[in-house]
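*Asks:* Below are the sequence and a predicted model for it; my questions follow.
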Amino acid sequence: MKLSLRESFRVLSDQECEKIYHAALDILGHVGVRIEHPRVAQAYAEAYQVAPDSRSTVKFAKNVVESALEQARKIYLRTTGEVKHTEVVSPVKVSMGYSSHKVVDMETDAIRPATRDDLEKACMIGDFFDEMVCIPPLFFPQDVCPKTYALHTLEILLRRVKHKKIAYTIGERDLSRYVLDMYAVIGGGSDNVIQNPPRSWVPHRFVMSPLRLDYESMETLFEYYDLGLPVHLSGTMVIPGASGPITLAGSLALATAEIIVSVMFNLLFSKEKGRMIPGPTGITFIDQATGQDCYGGPDTLLCKLAAAEMNNHLGFPQNGAEGGNTDICIPNYQAGAEKMFGLMAGVFTGQPVCVQCGQLGPGVLTGSLPQILLDMENCKMLNRFIEGIRVDEDALALDLIRSVGIGGSYLSEEHTAQNFRQEVWLPGIYQRILPELANGKKDVVVERSKEKAREILSKHSPCYLTEDQEKELRKIIARADRKFAQ
């Protein structure tokens with residue numbers, strides 16, 4: 001049977017979740033949240049019977065919060081269905097990493113700004129693998145107009161990736177019309193796109209920790225909302241010791257309060273009612289020695305898993321969690337250890353885990369094409385472990401054991417040939433070689449991942465757009481480049 005958990009690993013007990021929830025209610029009731037955009041403030045005032053003070057701060061009574069949560073919970077469960085947790089561990093899902101501004105050059109190992117070409121190659125490698133469930137942009141190209149990089153990114157994704165796999169939310173200011181025009185080229189016109197927006201395109205912003213709905217973020221969301229497109233307030237990005245208490249429980253309480261604020265926003269403005277709640281809260285730490293964001297440490301992982309449990313406690317069950325981050329900026333042993341540590345911890349919570357392939361640190365600043373292959377190798381290894389041990393008549397092989405008898409060999413048996421690929425995990429990148437063959441060589445595994453990446457790129461160069469569609473997208477981007485380059 002597949003690997004099962006009689007009791008999944010828990011970061012927080014039910015009692016601790018309840019304490020954090022009541023702390024969040026206290027924060028909303030006594031501290032409140034500052035709503036800097038008058039349109040949002042008016043909507044909150046009318047819907048939740050609150051009045052902002054002279055500093056645009058509103059406070060929420062417990063009954064108002066719980067009424068909003070109950071309303072959102074019903075909509076959420078009605079549209080998404082109840083997530084049922086079982087003892088059987090789900091396989092690790094494979095996704096591309098996201099939003100790195102730098103790349104570890106595959107040929108020179110130098111770290112440099114990412115380019116359009118780097119993103120093209122990442123998309124082609126991701127598209128090659130059927131196991132890759134979604135492909136966001138691993139890189140944001142830095143060799144284009146800074147204001148329009150999102151349009152260049154979208155064009156590459158649309159051209160190089162099967163459209164059902166694309167996962168890219170564009171929500172930059174002043175780009176809404178250009179993005180709508182680009183999707184209209186491949187989606188049957190603007191009206192059709194507005195009526196049936198791509199699932200991958202739901203512009204979002206975060207609550208600005210601590211406890212602010214800032215004007216700029218809200219104005220950006222309204223730019224898209226007023227076109228008739230769905231928007232989403234995606235919770236929080238608390239940094240303990242900076243925008244939240246240094247204690248994990250304190251930052252979780254603050255993050256939960258901000259999650260509740262985002263749920264109340266989405267009740268009012270979300271056109272996709274299944275998106276009442278964001279994914280697990282993004283609590284990240286800062287390394288006190290370097291000042292860098294930390295995504296791969298045990299403290300960040302604890303908060304990520306605990307935040308998912310808090311969402312469950314609020315009544316918005318999660319159907320997955322992100323895992324497999326690292327804080328090192330090059331493919332090496334630290335990257336492998338931190339990524340596998342995060343994946344394993346996520347698996348043992350009993351929730352589906354999604355790894356973001358190719359993504360490196362610090363703070364997902366760096367990406368690597370060979371790392372995509374290394375991350376996929378980790379996923380394949382872990383998924384074989386999750387498959388567990390098959391126990392049936394064929395696997396028990398009693399007839400074969402009787403036939404071979406004492407002192408015989410199973411090497412030439414048909415049963416061995418039929419089952420060895422299913423039973424024994426065979427690495428595609430990792431090595432099992434004698435010390436004499438590895439002596440004095442560079443990191444053999446990283447070199448093999450480079451070879452595999454080159455092999456894929458040499459034979460897989462997809463284009464999913466017609467020639468006319470490509471021309472139209474280039475015209476739209478050129479128009480935007482001319483406007484914003486001035």
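*Replies:* Yes, it's here.

*Asks:* Can you list the low-confidence ranges for the stretch 1-150 of the chain?
*Replies:* By pLDDT under 70, the low-scoring segments of the stretch 1-150 of the chain are 1-8, 80-89.

*Asks:* helix/strand/coil for the residue in the chain sticking out farthest from the centre?
*Replies:* Each residue of the chain has a distance to the centre, and by CA atoms, centre = their mean the biggest one is for residue 406: 52.9 Å. For residue 406, the assignment made with DSSP: H, G, I helix; E, B strand; the rest coil gives coil.

*Asks:* Next, work out how far apart it and residue 431 are.
*Replies:* Going from residue 406 to residue 431 by CB to CB, to the nearest Å gives 36 Å. Quick note: C-beta positions are derived from backbone N, CA and C, even for glycine.

*Asks:* May I have the phi/psi pair for the residue farthest from the centre of the chain?
*Replies:* With angles defined as degrees, to the nearest 10, residue 406 sits at phi -80, psi 130.

*Asks:* Can you report how many residues neighbour residue 186?
*Replies:* For residue 186, the neighbour count with other CB atoms under 10 Å is 17.

*Asks:* Quick one: residues contacting it.
*Replies:* Going by CB atoms under 8 Å, 6 or more residues apart in numbering, residue 186 touches 158, 163, 465, 469.

*Asks:* Which pLDDT value goes with it?
*Replies:* We have a pLDDT of 90 for residue 186.

*Asks:* same check, this time on residue 273
*Replies:* In this model, residue 273 carries a pLDDT of 49.

*Asks:* same question, residue 344
*Replies:* Per-residue confidence at residue 344 stands at 84 (pLDDT).

*Asks:* Would you agree it is in contact with residue 381?
*Replies:* No - at 10.7 Å, residue 344 does not count as touching residue 381 under the criterion of CB atoms under 8 Å.

*Asks:* Do you have the strands of the stretch 1-150 of the chain handy? List them.
*Replies:* Taking DSSP state E, counting those that start in this stretch as the criterion, the stretch 1-150 of the chain carries its strands at 33-35, 57-58, 93-96, 102-104, 111-113, 132-134.

*Asks:* Is it possible to get CSV of these that adds mean neighbour count?
*Replies:* Conversion of the strands of the stretch 1-150 of the chain to CSV gives the following (neighbours: other CB atoms under 10 Å):
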stretch, mean neighbour count
strand 33-35, 23
strand 57-58, 18
strand 93-96, 24
strand 102-104, 23
strand 111-113, 14
strand 132-134, 18
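
*Asks:* Mind checking the ones you listed for the one nearest to residue 426?
*Replies:* Residue 426 sits nearest to strand 93-96 of all the strands of the stretch 1-150 of the chain, at 18.0 Å, using CB to CB.

*Asks:* For the closest one, report the contacting residues that lie outside it.
*Replies:* Here strand 93-96 makes contact (CB under 8 Å, 6+ apart) with 122-123, 126, 129, 131-138, 167, 320, 352-358, 372, 375-376, 379.

*Asks:* quick one on the thing from earlier: the contacts of residue 186: which two are farthest apart?
*Replies:* Farthest apart among these by CB to CB are 163 and 469. That separation is 11.5 Å.

*Asks:* Residue 39 contacts residue 213, doesn't it?
*Replies:* No - the pair residue 39 / residue 213 is not scored as a contact, 10.7 Å apart, by CB under 8 Å.

*Asks:* got the strands of the stretch 1-150 of the chain as TSV, with distance to residue 447 columns?
*Replies:* Shown next, in TSV, are the strands of the stretch 1-150 of the chain (distance: least, CB to CB, whole Å):
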stretch	distance to residue 447
strand 33-35	52
strand 57-58	57
strand 93-96	22
strand 102-104	14
strand 111-113	18
strand 132-134	23
